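[1] attaching a predicted model along with its sequence, questions to come.
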Amino acid sequence: MCTAATYRTKDFYFGRTLDNDFSYGEEIVVMPRNFPLSFRYMGTQKKHYAMIGMAHVEAECPLYYDAVNEKGLGMAGLNFVGNASYRKAMPDRENVATYEFIPWILGQCRDVEEARALLEKINLTDDDFHEKLPAARLHWMIADRDHCITVESTKEGLQIYDNPVGVLTNNPPFDQQIFALNHYMQLSPEEPQNHFSAQLPLYCYSRGMGALGLPGDLSSQSRFVRAAFVRMNSRSGQSEGESVSQFFHILGSVDQQRGCCKAGDGRYEITIYTSCCNADKGIYYYTTYENHQITAVDMHRENLEAHIPARYPMLQEQRIYLQNSDC
Ligand SMILES: C[C@H](CCC(=O)NCCS(=O)(=O)O)[C@H]1CC[C@H]2[C@@H]3CC[C@@H]4C[C@H](O)CC[C@]4(C)[C@H]3C[C@H](O)[C@]12C
């Protein structure tokens, strides 16, 4: 399971949690403009927009989980097992394999409007990267500072939904996720009133009772409702520090602690990493399960005219600052 979210203050932020019971070995990868992108059906792009994101690098090829390009467009892939369905390559379409989808969009599009234009011609194919990396069953969130959409390839075809919530989790399909918010319309950051019965002396004995009923479990529908409630009610200052801090608190509401979700064979699903990318500045902030200190990689400190990606393995060791170390 995973959760993705957007957030806007002065700048635009885009990030996600990656929850799983094992890691493919992922790292922060800055893809410069001149790294040749060879697509299975769509030829080679010698030049494209630069991007930064989390990827598993296989045979020198970054396979992105989530990324943001130099124009401020962000995109993330999240599990959609049981509902994702891809087709064979088709003659009259732009055929793109799922592992190519993020660079295909972010390499060419400045914003969601341009992404929508490419999506009209696309066919997501069922090609595996190779037999050990079969096509991942995913759906995607694509967002810029003004718009957000969800893209799902199902048996019925390619579905593109407006995403007014700026949150994506996993199953069920996105229209059902959004519909479920109707059940929670009474939740509020305000103190509730007693509508239950005028004959009963009900009162607020605690703060936070306006959100009683917000689901607390780890299912993807519940994480969607919880992240949506926190995201839609979020308040923070405009500074970089306050914005990034608030973003990690939004995704902190759906953090998965080891032990609460069994994945078989003594393994547990945990939040492997949480990312927050300042899409305007190209700075990728992250924390990992073991290291809660925020670490960042700034794409503009790299040579974006280079031909080879810059790779940064995630720092996994927690550095605790001993405040009275000189006593
Ligand atoms: C597993 C992750 C979703 C996390 C999640 O939701 N876990 C719950 C498990 S459960 O559903 O609850 O049981 C997803 C998210 C992004 C994916 C990569 C995308 C690039 C590439 C695409 C290729 O085609 C296949 C290999 C590839 C490296 C992918 C591996 C894997 O698929 C990644 C990491």
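    Good, I have the coordinates. Small disclaimer: the values here were computed from a predicted structure and weren't measured.

[2] which residue lies farthest from the center of this structure?
    Using C-alpha atoms, centre = their mean, the residue of the chain lying farthest from its centre is Gln199. It sits 47.4 Å away.

[3] which helix or which strand is home to it?
    If you go by DSSP states H and E, Gln199 is not part of any helix or strand.

[4] go on, Phe179?
    helix 174-180.

[5] ok, His300 to the ligand distance?
    The gap separating His300 from the ligand is 25 Å, by C-beta to the nearest ligand atom, to the nearest Å. In this view, the C-beta of every residue, glycine as well, is placed from N, C-alpha and C.

[6] please read the previous query as pertaining to Leu124.
    11 Å.

[7] give the closest residue to that residue in space, chain neighbours not counted.
    Spatial nearest neighbour of Leu124, chain neighbours left out: Ser153 (4.5 Å); criterion: C-beta to C-beta, 6 or more residues apart in numbering.

[8] okay, how far is it across stretch 198-214, tip to tip?
    One end of stretch 198-214 to the other measures 25 Å (C-alpha to C-alpha, to the nearest Å).

[9] try stretch 150-167
    9 Å.

[10] for it, buried residues please.
    Buried positions in stretch 150-167, judged by neighbour count with 16 or more other C-beta atoms under 10 Å: Thr150, Val151, Glu152, Ser153, Leu158, Tyr161, Asn163, Val165, Gly166, Val167.

[11] tally of neighbours for the closest residue to Gly166 other than its chain neighbours?
    Spatial nearest neighbour of Gly166, chain neighbours left out: Thr6 (3.9 Å); criterion: C-beta to C-beta, 6+ apart. Using other C-beta atoms under 10 Å, Thr6 has 25 neighbouring residues.

[12] and what of the one 4 residues further on?
    Taking other C-beta under 10 Å as the neighbour definition, Lys10 ends up with a count of 11.

[13] let me know whether it touches Ser236 as I believe.
    No. Lys10 is beyond contact range of Ser236, at 10.6 Å (criterion: C-beta atoms under 8 Å).

[14] find residues that contact each of those two.
    Ser243 (C-beta atoms under 8 Å, 6 or more residues apart in numbering).

[15] where does the stretch 151-300 of the chain dip in pLDDT?
    Regions of the stretch 151-300 of the chain meeting the criterion pLDDT under 70 are absent.

[16] now do the strands in it.
    With strands called from DSSP state E, counting those that start in this stretch, the stretch 151-300 of the chain shows them at 157-162, 167-168, 262-264, 267-268, 270-278, 283-288, 295-298.

[17] how about the ones you listed, which one is nearest the ligand?
    Nearest to the ligand among these is strand 262-264 (6.7 Å), distances taken as C-beta to the nearest ligand atom.

[18] near the ligand, which residues of the chain are found?
    Within the chain, the residues that sit near the ligand (C-beta under 6 Å from any ligand atom) are 1-2, 18-20, 24, 56, 63, 65, 77-79, 81, 98-99, 129, 133, 135-136, 170.

[19] follow-up on the earlier one: so how far is the ligand from the residue nearest to Leu124?
    13 Å.
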